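**Student:** sequence first, predicted coordinates after that:
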Amino acid sequence: MTSHLYIVRHGNTFDKGDIVTRVGGRTDMLLSSSGHAQAELLAQHFAGTTFASARSGPLKRTRDTAKAILAAQAEAPDLATELFLREIDYGPDENRPEDDVVARIGKTALEAWEHASIVPPGWRVDPAALVGNWQQLFSELADIPGNHLIVTSNGIARFALAAAVTHRPDAKLATGAYGVVELNPDPVVVSWNLRPPVAA
């Protein structure tokens, strides 16, 4: 039986009109009102999907999104915490407004991060270690039939793409969006950056 991994990014931490900052692993923010709505939409979307396991990063925004999804499950697995799923550390740009981040590193560096996961100067990220963590997780879950849930942040989720045998040009995973990785015989990214449809 094939195993599938659903990689979900947590919901919004800012609402319309808020000053948006680059929230990393050192900033443990709650979901905003719109973030809770995104989590509930994900819960409705996955209500008919049975998960054999569920893991999230330790931050409140990821755990609360995962809990919302699991609350809609008939027989939900226990939620485990994986430390490597904590968001990356943005160094001097941690919790700074995006205009300040662009002023420090430049638009080109930020675009290289968004589209190719090239780490800007000053950010504390170990891409090789993150890719290795994803590969280890893929290998572990491939032996467990069924669907598996991961809830994490954009800075971590993007390295799952490099750990798979397929290449996708756009690494970003939007808030409240998800990707699907088919885990066996080899990890292949089936889809990426999907958002559940909003009911009319």
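**Tutor:** Good, I have the coordinates. Residues are numbered from 1 along each chain as shown.
**Student:** just checking, E140 is part of a strand?
**Tutor:** No: with DSSP: H, G, I helix; E, B strand; the rest coil as the criterion, E140 is assigned helix and is not in a strand.
**Student:** give me the below-cutoff pLDDT ranges for the protein.
**Tutor:** 167-169, 199-200 (pLDDT under 70).
**Student:** 80 instead, please
**Tutor:** Segments of the chain classed as low confidence (criterion: pLDDT under 80) are 1, 167-170, 198-200.
**Student:** now the helices: where do they sit in it?
**Tutor:** Counting by DSSP state H, one finds helices in the chain at the ranges 33-45, 60-71, 98-105, 107-116, 127-142, 154-163.
**Student:** any chance of these in a markdown table with mean neighbour count as columns?
**Tutor:** For every residue, glycine as well, the C-beta is placed using N, CA and C. Rendered in a markdown table, the data for the helices of the chain read as follows (neighbours: other C-beta atoms under 10 Å):
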| stretch | mean neighbour count |
| --- | --- |
| helix 33-45 | 19 |
| helix 60-71 | 22 |
| helix 98-105 | 14 |
| helix 107-116 | 14 |
| helix 127-142 | 17 |
| helix 154-163 | 23 |
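**Student:** quick one, which of the ones you listed is nearest to G24?
**Tutor:** Proximity to G24, assessed across those by C-beta to C-beta, is greatest for helix 154-163 (7.0 Å).
**Student:** residues in contact with the closest one?
**Tutor:** Residues external to helix 154-163 that are found in contact with it (C-beta atoms under 8 Å, 6 or more residues apart in numbering): 7, 9, 24, 57, 84-88, 90, 117, 125, 127, 130-135, 138, 167-168, 171-175, 179, 181, 187, 189, 192.
**Student:** which among those residues count as buried?
**Tutor:** Members of the contacts of helix 154-163 that pass the buried threshold by neighbour count (16 or more other C-beta atoms under 10 Å) are listed as 7, 9, 24, 57, 84-88, 90, 117, 125, 130-131, 133-135, 138, 171-173, 175, 179, 181, 187, 189, 192.
**Student:** ok, H10 - contacts?
**Tutor:** Contacts of H10 were listed using C-beta under 8 Å, 6+ apart, and they are 31, 35, 39, 59, 61-62, 64-65, 151-153, 175-176.
**Student:** repeat that for I105.
**Tutor:** Listed by C-beta under 8 Å, 6+ apart, the contact partners of I105 are 93, 120-122.
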